[in-house]
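J.: The following comprises the amino acid sequence and a computationally predicted model.
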Amino acid sequence: VTIIGLRIIVGCGFLSISDGARDVHIDLLRLGKMDLAPIGYSRYSTEDVYRTEEHFFNRAPRKRISWDAEPIVVEGPPMSMDQKKIPLLLKMGSSMFMGGTAALAGNFTTLVSSVVFPFLSNRFSESQIKEYEQLRTVKYKEYLEGKRKEIQRACFAEQTYLNQKYPAMQSVIETVRGQVHLWERRPLDNDFLCVRIGTGTKCLETPIEYPKRRFELEPDELMERMYELTEMAHEVEDVPIVLSFQETNVCGISGVQEHIQELVQQIILQVAAFHSYDEAKMVFLVNSQDLEKLEEIRYLPHVWDDQRTIRLIATNEAEAYTVGEYIKEQTSILGTEQSSKGVQQNCPYYLIFALEKKLLDSYEGFKEILAANEKRGISIVAAYEDLPKEVEKLITLESRHQNVCTTMSIDGGDDIVFSMDSLAADDGREAMSII
C-alpha cells in the first residue's frame with residue numbers, strides 16, 4: 001500500500017514501512033499504547049501462526065487403499081426333471097402299442113410284460129424324480145442364501161472403503177491436528193477435489209452376474225428366486241455422498257442459511273486439509289460481514305499466490321476485478337497443457353466460492369467461466385439467492401437430515417438424499433488456523 005510516499009507492506013507476522021530514503025522512524029512507546037494484535041497470532045493458539053523453517057510440512061508418499069470389486073457370480077438352478085405333467089398314456093405309448101399287437105396274436109405273456117413292467121418302472125422313476133426335486137430345492141436355496149450373505153459382505157466392504165477414503169468431518173479435524181495424511185491428494189488421484197457433503201444411501205457398485213431372463217415354457221420357482229435376489233436394488237447405507245469439482249464446473253447451494261454456511265466451511269476445510277496449496281487454490285467473493293464469519297480463511301495458504309503477495313479474497317468490485325484478472329493471467333499462461341486424464345498440468349485448480357452475487361457478476365471473466373462447457377481447471381461454488389442458470393449440481397439444504405443433491409442434466413439420474421455431517425464452528429476455525 002502506498003500513501004503519500006509511504007510504502008506499507010503488511011506481511012504474516014510483520015509490518016514494513018518505508019519512504020525510500022530510510023527516514024521513517026517508529027515511536028515504540030506510542031505503538032505500545034495502541035491495542036493492536038499481531039497478525040501472526042491466532043486466538044486459538046498462543047504460538048505464532050507463521051511457520052518457521054523447522055515447522056514446514058513435508059508431504060509423505062501416499063499409501064492408497066485399493067478397491068477391486070470382483071463380480072459376484074450367481075448361477076442358475078440345476079435343470080428340473082419334473083415330468084408330472086406328461087400323461088401316462090403318452091409315456092407308455094410304444095409299450096401299449098406292442099401290448100395291443102401281442103393281444104391280437106394271442107401272446108398274453110408279451111401283453112403283460114409290455115404293460116405291467118413299464119408301469120412299475122414309471123412309478124419307480126417318479127419316486128427318484130421326487131427325491132431329486134426335493135434335493136434340488138433344498139441345495140439351491142442354501143446356495144442362494146450363501147450368495148445373499150456374500151452380497152451383504154460386499155456392501156459392508158464398500159461402506160468401509162468409502163468411509164476411509166472420504167472420512168467424516170471429525171476425522172478431518174483429527175487429520176489436521178495430528179498432521180497425518182495432510183495434503184495427500186494429488187491432481188492425478190481419482191479423489192482429487194472430491195469432497196464429502198454428508199452421508200446417505202447408494203446402490204452397490206459391485207457387479208452381480210447371473211443368467212439373463214429368457215423364454216421358458218413352464219415357470220421355475222427356483223429360477224424366480226434367483227431373479228428376485230439378483231435383480232433387486234442392493235443398497236449400501238451410511239456411505240459418504242461425494243461431490244467432485246473436477247467433474248462439476250458450477251455447483252449451487254441453496255436452503256437454510258445456517259446450513260449453507262456450515263457446508264461451505266466443511267468444503268473449505270476438506271480442500272485445505274487434503275490438497276496442497278500449490279495444486280488447489282481457493283478464491284472468495286464475499287461481503288465484509290460474511291468474511292468476519294470466515295475470518296480464518298485469511299491465513300490459509302490456499303488463498304494466496306505462490307509468492308504470498310496476492311490474497312485471493314474480494315469484498316468489493318475492484319478487488320473482484322483484480323482477483324479475476326490474476327486467475328485469467330495464470331490459467332492462460334500455465335493452464336494450456338493437459339494430461340491424458342484431462343488434468344491440468346503446471347497450473348493449480350481454482351475453486352471459486354461466490355458468496356456474493358454482485359461480485360460474481362461484476363467481472364466479465366467470471367461470467368465466461370459460468371458459461372464454459374469444457375473443463376478449464378476452475379469450478380464455482382455459488383451460495384447465494386437467485387443461483388445462476390448454469391448450475392450443474394444443486395445442493396438443497398433444508399435440515400440436517402433431509403437434504404437433496406440434484407444433477408441438473410437430462411441424464412443426471414435420481415436425486416440423492418443425504419444427511420449433513422456434524423462440525424462445531426470452533427473446531428473448524430481451529431483446524432483452519434492450524435493449516
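T.: Nice, thanks for sending it over. Numbers count the residues shown, from 1 in each chain.

J.: Could you give the bridge partners of the residue most central in space within the chain?
T.: The C-alpha lying nearest the average C-alpha coordinate of the chain belongs to Val242 (C-alpha atoms, centre = their mean; 2.4 Å). Going by DSSP bridges, Val242 is paired in beta bridges with Arg196.

J.: I'd like the distance between it and Ile8.
T.: Val242 is 44 Å from Ile8, where distance means C-beta to C-beta, to the nearest Å. All C-beta atoms are positioned from the backbone trio N, CA, C, and that covers glycine.

J.: Pull out the buried residues from stretch 388-402.
T.: Residues 388, 390-397 are the ones in stretch 388-402 that count as buried (16 or more other C-beta atoms under 10 Å).

J.: What about these, which are in strands?
T.: Assignment to strands by DSSP state E places the following of the buried residues of stretch 388-402 there: 393-397.

J.: Put the alpha carbons of stretch 163-180 into PDB.
T.: Listed in PDB are the C-alpha atoms of stretch 163-180, where the atom choice follows Å, rounded to 0.1, in the frame of the first residue of the first chain:
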ATOM      1  CA  ASN A 163     -15.700 -44.000   4.700                       C
ATOM      2  CA  GLN A 164     -11.900 -44.500   4.900                       C
ATOM      3  CA  LYS A 165     -11.400 -42.700   1.500                       C
ATOM      4  CA  TYR A 166     -13.800 -39.900   2.400                       C
ATOM      5  CA  PRO A 167     -13.700 -39.500   6.200                       C
ATOM      6  CA  ALA A 168     -16.200 -37.800   8.400                       C
ATOM      7  CA  MET A 169     -15.600 -34.200   9.400                       C
ATOM      8  CA  GLN A 170     -14.400 -35.200  12.900                       C
ATOM      9  CA  SER A 171     -11.700 -37.400  11.300                       C
ATOM     10  CA  VAL A 172     -10.700 -34.500   9.100                       C
ATOM     11  CA  ILE A 173     -10.200 -32.400  12.300                       C
ATOM     12  CA  GLU A 174      -8.000 -35.100  13.800                       C
ATOM     13  CA  THR A 175      -6.100 -35.300  10.500                       C
ATOM     14  CA  VAL A 176      -5.200 -31.600  10.700                       C
ATOM     15  CA  ARG A 177      -4.400 -31.700  14.400                       C
ATOM     16  CA  GLY A 178      -2.100 -34.700  14.000                       C
ATOM     17  CA  GLN A 179      -0.800 -33.600  10.600                       C
ATOM     18  CA  VAL A 180      -1.400 -37.200   9.300                       C
END
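
J.: Just read off the phi/psi values of Tyr326.
T.: Comment: the main-chain dihedrals of Tyr326 come out as phi -60, psi -50, following degrees, to the nearest 10.

J.: Give me the nearest residue to it, chain neighbours excluded.
T.: The shortest distance from Tyr326 to any residue other than its chain neighbours is 5.9 Å, reached at Ile310 (C-beta to C-beta, 6 or more residues apart in numbering).

J.: count of neighbours near that neighbour?
T.: Counted with other C-beta atoms under 10 Å, the burial measure for Ile310 works out to 14 neighbours.

J.: Distance of it relative to Gln270?
T.: From Ile310 over to Gln270 (counting by C-beta to C-beta), the distance is 24 Å.
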